[in-house]
Structures are given as C-alpha cells and as structure tokens.
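# Need coordinates for the following:
(one chain, ligands or ions: 2)
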Amino acid sequence: MRVLKFGGSSVKDADRIRNVGNILQSYSKKGIPFTVVFSAMGGITDLLIGMATKASKGKEDYKEDLNHFIQRHNDVIAELFDNPTYRKEVMEVIQEQHETLENLLYGIYLVWEASPRTMDYVLSFGERYSAFIIAKYMNQLGVHSEYLDARKIIKTNRVFGNAEVHLRLTYQKIADYYKNRTAIQIVTGFISSTKGGLSTTLGRGGSDYTAALLGAGLEADLIEIWTDVNGVLTTDPRRVKQAFTIPKMSFLEAVEMSHFGAKVIYAPTMQPAMDRNIPLVIKNSMNPDHSGTYISAEVNLNDHPVKGISAINNVALLTLQGNGMVGVPGTAARLFRCLADAGINIMLITQGSSEYSISFSILPNQVRKASKVIQEEFKREFERNDLDHLHIEKELSILAIIGDNMRFVPGVAAKMMRSLGNNGINIVAIAQGSSERNISVVINKEDENKALNALHEGFFLSDIKVINLFVVGTGLIGSTLIKQIHEQSQSLLEDRGVEIRLIGIANSRKMLFDEHGINLESWEDDLSRNGEAMDMSLFKKRMDDANVINSVFVDNTATDEISRQYRSILAESIHVVTPNKIATSSSYEEYVNLKRLAQRNNVTFGYETNVGAGLPVISTLQNLIHSGDKIKKIEGVLSGSLSYIFNEFDGTTPFSTIVRKAKELGFTEPDPRIDLSGTDVKRKIIILSREAGMKIEPDEVMIESFLPADCMEADTTEEFFERLQDNDAYFENLRQEAAKDHKKLRIIATMENNTVNISLQAVDQKSPFYSLEGSDNMIVFTSHRYHKRSLVVQGPGAGAEVTAAGVFAEIINIESQISPS
Ligand SMILES: NC(=O)C1=CN([C@@H]2O[C@H](COP(=O)(O)OP(=O)(O)OC[C@H]3O[C@@H](n4cnc5c(N)ncnc54)[C@H](O)[C@@H]3O)[C@@H](O)[C@H]2O)C=CC1
Ligand SMILES: N[C@@H](CC=O)C(=O)O
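Ligands and ions are numbered 1, 2, ... in the order given. Now for the predicted structure:
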C-alpha cells in the first residue's frame, strides 16, 4: 500500500486537479494499491482564517471573502464535471456546505468571537471541500473512489489549533476503517477530531502528518509527498540557479534541511513514518516523471559529504558575556531556562571554551522579550558589572551545510570557511553539533545570496567555477579582451570548467548590467542602445548590490578616475585586474596599500600587464624575490611603442609618420604624449623597482627628456603630431649621429644602487638592446643568483592582442584562487 499526499499547490485550480487525476488514474491502471491525502486548494486555508477573523471583529466584509471562497469552488466544480449527474450530486452536497459555513460565520459575526475550537471547525471546510470534490472527480474518471473525512479516523486531544494525536487509537481506527475496502480512499489532510467528535487540526505541516499517520497505521511501503518542485533541492533555487534535486537522503538529513528553511517537507510531522521505517518520496505533481527525492533510514557512505545547504533568513544574535560567567556553573542553565519559560525558541547556540560569552540566535520579533527576561534573570550580575551589556545584533542569517557523511570527512568545515572567506563574507558565529551532521554559520543578512552561491559552488559545482566580470573600458584593450573571452569561452568551460560571465560593462559614456551575463557577441550594440549613463559610483553600487561570488573588476581605462576606486573595490573582496599603470606607479603608499588590501581580503590585485604587456615580467621578478634572490640591477627597453618607433626609424620614413603608425597599431597609450614624453616608461620602471624592493616615489626618477619642448606644449594629440612633424629633422639628425658610429637609438630605463633613470641612448652591437625588433621589450635582471649571466625577458611589449591576452590570463588564474578544493 502507498500513501500519496498532494499539497495545496497541486490542487489550486481545475487544471491542477485534472493533472492530479491523471497521476492517480495511471496508478490505478498499474494496479498499485494506494490512498490519497489532500490539502485544501492553494490559498483556501488563509482565506478561511481571514474571513473568520474579520467576522469575529464584527467586520461585515468577511462576506466578500466568503463569496470568493464559494465562487472558487463553484468554478472548479463547473470546470471539472462535464457529466451532469456527477455535477448535480457534487453541487447538492457543496451547496449544503456553503450554507453551513455561511451560518457558522454569521454566528461568529454576531457573537464577535472565534475561539480556537470554532476556528478549527471553520478550517476543516477547506480540506473537506477539496477531498470531496476530487473523490467525485475520480469517480467521473472511472476510478472507484470514496471520500474519507479524516475526523473519523484521526483522534486527538482537545488542544485546538495544534492537537496531539492519540496514536494507538488512531492507528487502530485507520486499520479498522481500511479493512475490506476496495475503493480508493480520498482523505482530508490536516483535520482530525476529539474522541467526542469536535473538529481539531494538526498544526503546521498538518497534511504531511496525516499522510505519515496513514502510512504508519496502514504499514505502507511508501509515502509519496507530491508538491510543486522536483523534490528536495540542494538549496533554495530562487537564490542559487544551479540548485538541483538531491536524489536520496536520510531521515535525519531531511529533518536538518527542514529545520533550516527547506519548505518542501516538514520533517517533525514525519515522525510516525520514521518510527516505522517507511520511506518517503518527494515528487513534483507538475513533473511526475522526475524521480524526486527518496528519503529513508539508509545512510550511504559513498554519498557526497554535504547534501544540502539551507538558510534561515533574518535572525538576531544575542550575546551574554562577562567575567562573571567564567567557571560559574548554572549560568547557561539559567539563561536558557528563562528564555524557555518566556516561550522563546533558540535556533543556534555557541560558546567558546573560555566561557566568557554565550551567543544564541532567535527570531528578531522575540528580541525585546528575550532582552527583558535576561535583564530580570541576571539583574544582580549586571548591577555588579559581573556581566557586560547584553549584546544584540540584528539583520543576520543562519546558513547551514547538512549531510550525514560530513562526520567521516575531515576538511568540510575548512572548505566551508574558505568558500565564504574567499568571497569576503564575514562569519559572525559558528556552531556545529557533535553529530557533525550540520555546520551552521551566522552571517550578515545582506551576504546571504552570495554566501549560498559560494557554498553551493564550493560543495556541489567544483567542476564548474563561475567568474563574474565587471569591465570598465571598452576601447582597444577592453574590446579585444571581450572578443578573446568570447572566442575562448567554450573551451575554457570544457577544458578547465571555468565559466566567465560578463555581468557589468562600461565605457566613459554608458554602462550596462545583466546578472545572467551580457551577450559577448552583441555587447557593443546592447551597451550603446540599452546602457544607462556611466557613473562610477553607481557602477560600484551595482557591483555591490549584485553581490555575486568570484567577482572580478577589470579596469581597461587609462584614467585615475577609475584606478582611484581600487581601494574600495578590493575592500569589498572583489578581485581587481588591470593594464592601467596609474595606481601602481602613483605614490608608494598607494601601491603598498592596494597590495595589502588585496592580501587581507584574499583577492587578486593583478597588474602583470602594467609592464611588458603580455610578457611575464612582473611575475618573473616576484618569483625571484619570493625565492630569496636580491635584485642588483634592472635595465630595460620598457616601451613597446618607442621600441617600434626606433626600430622602424631607418631614414626612409619621417619620425612623425612612424609615431602615427605606432598609434594606429595600438602600441601607444590613448594619448601618445604619455609614451613620447617617457612617462609610460617612468611608470613601468617605478613598478619594477618597487617589486624589487625599492621604496621609490615618482619624483625620484631621473628622466632625460628627448622630445623638443614645443612638442610637449601641444594641447591636443593632433597638435602634438603637427609639432612632431615640424621636428622631423631634429630626430633625423639624432638618428644620423648614432648611425655614423653604427649605433641604434633606444630609450633605456635603469634601476641600480637605489637610483632610477631613463635616457635616450645610442647602443652598439654589443648591447643586448641593439637587435630588438618590432614592438619588442627587453628586460634584463641582474641579481645575486643571476650575476654572471643576467635573466632576460624579451618579446612584443605592446599591442591589443598580447595585452588583452595578459589581462585574460590573470582573470583565468583567479580560478585557482577561488577553487575551494
Ligand atoms: N596598448 C597597449 O599595448 C597596452 C595598453 N595598456 C593599458 O591599457 C589601458 C587601455 O588602453 P586602450 O585600450 O588602448 O585605451 P582606449 O583609449 O582605447 O580605451 C579606454 C577606454 O576607457 C574608457 N574610459 C576612459 N575614461 C573612462 C571613465 N572615466 N569611466 C569609464 N570609462 C572610461 C573609454 O571610454 C574607453 O572605452 C591603458 O591603461 C593602457 O596603458 C597596457 C599595456 C599595453
Ligand atoms: N604604450 C605602451 C603600451 C604598454 O604598456 C607601450 O608603448 O609600451
């Protein structure tokens, strides 16, 4: 025998009832013996409570609710019953019930009173209507069924509203009633009666309880709870899109999940089934082919250690602390006794072994009462300052990871903390029972979504890591980066299990957000058509509000308006990756602070492309330093554009034309004066010197300008080019002077003996810089370990493809940092 139970959502209208009818018909055809429990149609119980409450306050508009109630049922009957005989039969009975309910409510309205006893009777109408209508409908479908009012078989005490069942008597009555019955029994959920026949109700989760009682009384093989989701999910699917059905779980795991907000099953009411070891299955009436979740006593040691993650949204944490607690037996007992006496339910308790404080969480609406009873209980201790003030924190959430197998696996708690910590989520309190089936943390409510996603990714989706990008700057480097990500996204997913989602994008004019990911093909059109005006503080707010895990901010601009924001972005535990050199080459303090901030918040501050574009210059230097080497000298051609310009400058083409070409090829800065003035090289050598351990400020770099002064005085880029053209002869002269001695011109930056300088030099064939080509950079590190022969990094040091690829690589590398395993 199976017991099936359908909740209100499965029978909320005629369509849903037809759907349930099809399910039951197929069971009947397969010859599976079963009985079915029904809740009231979705929303009906609330409607009944509302109308009775209004009537008890003498409000006449209860009648509107009543009419709505009557109309909903009449409509369902009209839709379901095409057979006139059935329809007439049903309507006659229902009409009578309408009148009884109407009279009952009128009585409440007259006496201005609805006692819990009366209320239970009013509520019984909901289930009685639904089960009766469905029983008749099943007969119309040709399935021989009978309506069973559970008040005949479920007997309780007289605690109206939340009655306690006389189990033995009830089981006996169930067994007796079902003996020799051939028709399928269609039973009212939630309602019961006293031995004397007064209507009672079974409290929260009541229809599940009815199903469990029937299961136990009939010694059923299986109890099927039919709802509107595919079983118990790993977590709340409204918060975590990747949540999926847990195929199997133990009774105790189900109990833990239900305590922590999984609404699918109210496990305490399942006790009768658990006592008699009757498995349950949670299924979706809108998707009957889905196997749902099977819940039994069995614990499979091969199962994943964590089965589910649940959350209790909005709790308060109270902390009682003070020296007067240390080593004093009975403090905890007094605290929890006074709270229990006040009817305050405690959801989580934590106490450090120092015994200095006890923290516990309760619902926020109980804080005032809890505070009052604690003040009274510990009045003397507070007066004597043995206890500090009661500390109250609100706007918190409890998150719990749940699983039987956690107790066999070390490192689960560590993984939990790491997943949260890597996403900048502060843990206010931690609790783990010695059953090790549940580890709970208290966090700020505003972090709840992010935390659920971080944990879900950490425990269930370690095969796929999502990186959420916020990109500012869509010029040469920005647009090339997005193109590269688009081209590479499929293989990144397949080969590395990394999904890169572009959540926000902006240029100097517009910004656009989509938490599901901006289309990487049409982003340009979408941004210009649908984007809103760019405002960096709003961009940051949107980024904070999105509160997504593994967030990476990418600055592809050349402005300090954006780089000034890194501090606050890193402080929010958002990774920063940038080819923009302004922050790292500004004051030493800023450079150090940003690095520290990133470290403290466990995020990447990635600026490898600041020097040498896509070449591994900074990482090579960092590896030398981290492994204990000491840098004696850095010498380099650090500008890709200047390298290109001087490599091309052979007398056949004027200097200014080559500079224009360098800009067209994407080698120069957006403003080429930054390159030609030596500022870009200065920024790079500052960064390298700092990485090598030197505390250098920008004004300490000695730079020999090689540009005629009038060029630098140009107001616009175009004017700059014109003045450069006027000076073509000057540059040609410099070139010829060098060429006379078989030398080539190079801008070389040097750091040695705590001094840094940049100069235009004519180098001969013996110099490593002589044979550079294209936009080559060459950086020569001389160190304690590399003193006979230097370590050299050489290659193209500018250009959209190589630079964007360098930025891309830093983004991908963040994956290893977010990997929780
Ligand atoms: N071109 C190269 O080879 C290399 C460039 N870089 C760096 O890459 C960065 C980007 O260079 P490009 O793409 O060539 O520049 P670009 O001028 O082509 O693009 C800059 C982008 O930033 C946006 N932008 C400017 N100010 C903004 C603001 N206040 N708010 C929002 N967006 C703003 C612009 O709208 C534009 O989309 C620069 O910092 C440059 O130094 C670094 C290494 C190599
Ligand atoms: N403008 C820069 C580009 C890389 O930083 C250069 O010329 O090297």
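# Show me which positions of the helix or strand hosting Leu724 end up buried.
Counting by DSSP states H and E, the element that carries Leu724 is helix 717-726. Residues of helix 717-726 classed as buried by neighbour count (16 or more other Cβ atoms under 10 Å): Phe720, Phe721, Arg723, Leu724. Any C-beta I mention is one placed from the backbone N, CA and C, and that applies to glycine too.
# What does the pLDDT read for the first one?
Just to be clear, that refers to Phe720. For Phe720, the model assigns a pLDDT of 96.
# how close does it sit to Thr559?
Distance of Phe720 to Thr559, computed by Cβ to Cβ, to the nearest Å: 19 Å.
# Against which helices or strands is the following helix or strand past the helix holding Leu724 packed?
For helix 717-726, the following helix or strand on the C-terminal side (DSSP H and E) is helix 728-740. Applying 3 or more Cβ pairs under 8 Å, 6 or more residues apart in numbering; DSSP states H and E, one finds that helix 728-740 contacts helix 655-664, strand 744-752, strand 755-763.
# Need the winner for burial among those.
Across the helices and strands packed on helix 728-740, averaging neighbours per residue (mean count of other Cβ atoms under 10 Å) puts strand 744-752 on top, at a mean of 21.
# Check the offset of that one from the chain's centre.
Chain-centre distance of strand 744-752: 50 Å, with Cα atoms, centre = their mean, to the nearest Å.
# Please apply the same query to stretch 209-221.
On Cα atoms, centre = their mean, the centre of stretch 209-221 falls 39 Å from that of its chain.
# who's in contact with that stretch?
Contacts with stretch 209-221, where a contact means Cβ atoms under 8 Å, 6 or more residues apart in numbering, come from 1-5, 35, 37, 150, 153-154, 165, 167, 170-171, 173-175, 178, 187-190, 192, 202-203, 223, 225, 266, 269-273, 275-276, 278-279.
# Return it as PDB; C-alpha atoms alone will do.
Extracted C-alpha coordinates of stretch 209-221, given in PDB (Å, rounded to 0.1, in the frame of the first residue of the first chain):
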ATOM      1  CA  TYR A 209       1.300  14.400   9.200                       C
ATOM      2  CA  THR A 210      -2.000  12.900   8.100                       C
ATOM      3  CA  ALA A 211      -0.100  11.100   5.400                       C
ATOM      4  CA  ALA A 212       2.500   9.900   7.900                       C
ATOM      5  CA  LEU A 213      -0.200   8.700  10.300                       C
ATOM      6  CA  LEU A 214      -1.900   6.800   7.500                       C
ATOM      7  CA  GLY A 215       1.400   5.300   6.400                       C
ATOM      8  CA  ALA A 216       2.100   4.100   9.900                       C
ATOM      9  CA  GLY A 217      -1.400   2.900  10.500                       C
ATOM     10  CA  LEU A 218      -1.600   1.000   7.200                       C
ATOM     11  CA  GLU A 219       2.100  -0.200   7.400                       C
ATOM     12  CA  ALA A 220       2.500   1.300   4.000                       C
ATOM     13  CA  ASP A 221       5.500   0.500   1.800                       C
END
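# Pull out the buried positions in it.
So stretch 209-221, judged by 16+ other Cβ under 10 Å, has buried residues Tyr209, Thr210, Ala211, Ala212, Leu213, Leu214, Gly215, Ala216, Gly217, Leu218, Ala220.
# cool, stretch 164-177 as well?
For stretch 164-177, the neighbour count (16+ other Cβ under 10 Å) marks Val165, His166, Leu167, Thr170, Tyr171, Lys173, Ile174, Tyr177 as buried.
# which secondary structure elements does the helix or strand hosting His456 contact?
Element membership of His456 [criterion: DSSP H and E] is helix 448-460. For helix 448-460, the packing partners by 3+ Cβ pairs under 8 Å, 6+ apart come out as strand 308-321, strand 391-402, helix 412-421.
# mean confidence score for it?
For helix 448-460, the per-residue pLDDT averages 90.
# Show me how far that helix is from its chain's centre.
Computed by Cα atoms, centre = their mean, the chain-centroid distance of helix 448-460 equals 5 Å.
# can you pull the pLDDT of Leu80?
97.
# With Asp228 instead?
At Asp228, pLDDT is 86.
# Does it touch Met286 like I think?
Yes - counting by Cβ atoms under 8 Å, Met286 is a contact partner of Asp228 at 5.9 Å.
# Quickly list what's touching both of these two.
The contact sets of Asp228 and Met286 overlap at Ser10 (Cβ under 8 Å, 6+ apart).
# Up against ligand 2, what does the stretch 651-800 of the chain have?
Phe667, Thr668, Glu669, Asp675, Asp680, Gly797, Ala798 (Cβ under 6 Å from any ligand atom).
# wait, what's in contact with whichever residue of the chain sits closest to ligand 1?
Taking Cβ to the nearest ligand atom, ligand 1 has its nearest neighbour within the chain at Gly475, 1.9 Å off. Residues near Gly475 by Cβ under 8 Å, 6+ apart: Asn507, Asn556, Thr557, Pro670.
# Please state the backbone phi and psi of the third one?
What it means is Thr557. The phi and psi values for Thr557, taken as degrees, to the nearest 10, are phi -100, psi 180.
# What sits closest to it if chain neighbours are left out?
In this structure, Thr557 finds its nearest non-sequential neighbour in Gly473, 3.9 Å apart by Cβ to Cβ, 6 or more residues apart in numbering.
# Give the burial count for that neighbour, as a bare number.
Close neighbours of Gly473, defined as other Cβ atoms under 10 Å, add up to 24.
# Quick check: it touching Arg509?
No - Gly473 is beyond contact range of Arg509, at 11.7 Å (criterion: Cβ under 8 Å).
# which ones among the contacts of stretch 209-221 are found in helices?
Of the contacts of stretch 209-221, the ones assigned to helices by DSSP state H are Leu167, Thr170, Tyr171, Lys173, Ile174, Ala175, Tyr178, Gln271, Pro272, Ala273, Asp275.
# can you tell me the helix or strand for the closest residue to the third one other than its chain neighbours?
This points to Tyr171. Ranked by Cβ to Cβ, 6+ apart and with sequence neighbours excluded, the top spatial neighbour of Tyr171 is Gly217, at 4.2 Å. If you go by DSSP H and E, Gly217 is part of helix 206-218.
# Report the buried residues of the top helix by length along the chain.
Taking DSSP H as the criterion, the chain has its longest helix at helix 84-111. Buried residues in helix 84-111, counted by 16+ other Cβ under 10 Å: Tyr86, Arg87, Val90, Met91, Ile94, His98, Leu101, Leu104, Leu105, Ile108, Tyr109.
# show me where pLDDT drops low in this structure?
Across the chain, the ranges flagged by pLDDT under 70 are 259-264, 267-268, 434-435, 461-463, 818-821.
# Near ligand 1, which residues of it? Just list them.
472-478, 506-508, 534, 556-559, 561-562, 579-581, 609, 613, 640, 666-667, 669-670, 798-799, 803.
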